[in-house]
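Student: my questions are about this predicted structure, shown below with the sequence.
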Amino acid sequence: MKKFIYYLLNIFAHNMETEIVDILKTQKKIVIFDVGCFKGVFSRKVLNLIKQKKSTFYLFDINKNTKNYISDLISMKNINFNEIALSDKNGTANYNFNRFFESSGSSLSPLFRKDSKWVLSRKILLKILLQNTESYTQFMVKTITLDSFVKKNKIKSIDILKVDIDGSELEFLKGAKNTLKKNKVKLILIEINDKKSTFYKKEKNITKMFKSNNYHLIKKHSNHSVSFFSDSRSGDYLFLCNTN
């Protein structure tokens, strides 16, 4: 049943993969970073769209079940999976794991775990569907900054950087400061999440930060399902580097 619910969520989600790949249609080789890859939906769609191109994927997720979900992807030579969180420091951090529905709200950020309306409404729905309604759990995970990862792996440029980390976007961006400043990323698709009361301030700060680094917003989409019976808000934002 949970697989079916997850399938429905992805059907009705607003996807930008086709237009992202279309922007890169003249490139022969593409480097993709999928931060918060979970079951690899984004990477699978991109892979399908760029069949005739050479590509290298770097997938990141700290969900311990992810390796099983994307075992077929990991077996591919051009896929690099990293069970580590990209954040603002090299070290460790607490990970909030959503045991009742791992695809939503699992993050370094406690945003959704602390949103009592969000948790209660989702648990009620799952209970109606006779699904598990266990509570969140926390455990320590390894972290690294994007700047450190790029330097360590000698990555000259990133064509697509997709970030879906349910609330810890600011920490990620702090750790990506040098990479963005040097305009090493061409396209950035980032999901922004925050409390409804502070969401637009966070959105403004992130958009301003990208603008100061020569990135402009070319598309955005509100994720209304997140704000339904909750104190949280979410949206997808696509930025393009002006210098590329």
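Tutor: In hand now; what should we look at?
Student: can I have stretch 224-231 written out in PDB, keeping just the CAs?
Tutor: C-alpha atoms of stretch 224-231 as PDB (Å, rounded to 0.1, in the frame of the first residue of the first chain):
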ATOM      1  CA  HIS A 224       0.400  22.300  -2.000                       C
ATOM      2  CA  SER A 225       0.200  18.800  -0.500                       C
ATOM      3  CA  VAL A 226       2.800  19.700   2.100                       C
ATOM      4  CA  SER A 227       0.800  22.700   3.400                       C
ATOM      5  CA  PHE A 228      -2.400  20.700   3.600                       C
ATOM      6  CA  PHE A 229      -3.300  20.300   7.400                       C
ATOM      7  CA  SER A 230       0.100  21.400   8.500                       C
ATOM      8  CA  ASP A 231       2.100  24.400   9.700                       C
END
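Student: mind listing what's buried in it?
Tutor: By 16 or more other C-beta atoms under 10 Å, the buried positions in stretch 224-231 come out as 226, 227, 230, 231. From N, CA and C alone the C-beta is placed, and that goes for glycine too.
Student: are we agreed that residue 139 is in a strand?
Tutor: Yes: assessed with DSSP: H, G, I helix; E, B strand; the rest coil, residue 139 lies in a strand.
Student: give me the number of residues near it?
Tutor: 10 (other C-beta atoms under 10 Å).
Student: now residue 241
Tutor: Residues near residue 241, counting by other C-beta under 10 Å: 18.
Student: where does pLDDT dip in this protein?
Tutor: 1-14, 130, 244 (pLDDT under 70).
Student: which stretches of this protein form helices?
Tutor: Listed in chain order, the helices of the chain (DSSP state H) span 2-12, 17-23, 41-49, 66-69, 71-74, 116-128, 146-152, 169-174, 177-181, 199-212, 224-227.
Student: can you point out the buried residues in the fourth one?
Tutor: The reference is to helix 66-69. Buried residues in helix 66-69 (16+ other C-beta under 10 Å): 66, 69.
Student: who's in contact with that helix?
Tutor: 37, 38, 39, 40, 74, 81, 83 (C-beta atoms under 8 Å, 6 or more residues apart in numbering).
Student: make a markdown table from the helices of the chain and add distance to residue 188 to it.
Tutor: Listed next are the helices of the chain as a markdown table, based on distance: least, C-beta to C-beta, whole Å:
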| stretch | distance to residue 188 |
| --- | --- |
| helix 2-12 | 21 |
| helix 17-23 | 10 |
| helix 41-49 | 13 |
| helix 66-69 | 22 |
| helix 71-74 | 22 |
| helix 116-128 | 26 |
| helix 146-152 | 11 |
| helix 169-174 | 10 |
| helix 177-181 | 8 |
| helix 199-212 | 7 |
| helix 224-227 | 20 |
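Student: returning to what we had before: which of the contacts of helix 66-69 fall in strands?
Tutor: Judged by DSSP state E, strands contain the following of these: residue 81.
Student: for the residue nearest in space to the middle of the chain, phi and psi?
Tutor: By C-alpha atoms, centre = their mean, the chain has its centre lying nearest to residue 164, at 1.5 Å. Note on residue 164: its backbone torsions stand at phi -140, psi 90 [degrees, to the nearest 10].
Student: can you pull the contacts of the residue nearest to it when sequence neighbours are not counted?
Tutor: Distance criterion C-beta to C-beta, 6 or more residues apart in numbering; nearest residue to residue 164, sequence neighbours excluded, is residue 36 at 4.0 Å. For residue 36, the contacting residues are 60, 61, 162, 163, 164, 165, 166, by C-beta under 8 Å, 6+ apart.
Student: so what's the second one closest to, chain neighbours aside?
Tutor: For residue 61, the nearest residue in space outside its immediate sequence neighbours is residue 37; the separation is 4.9 Å by C-beta to C-beta, 6+ apart.
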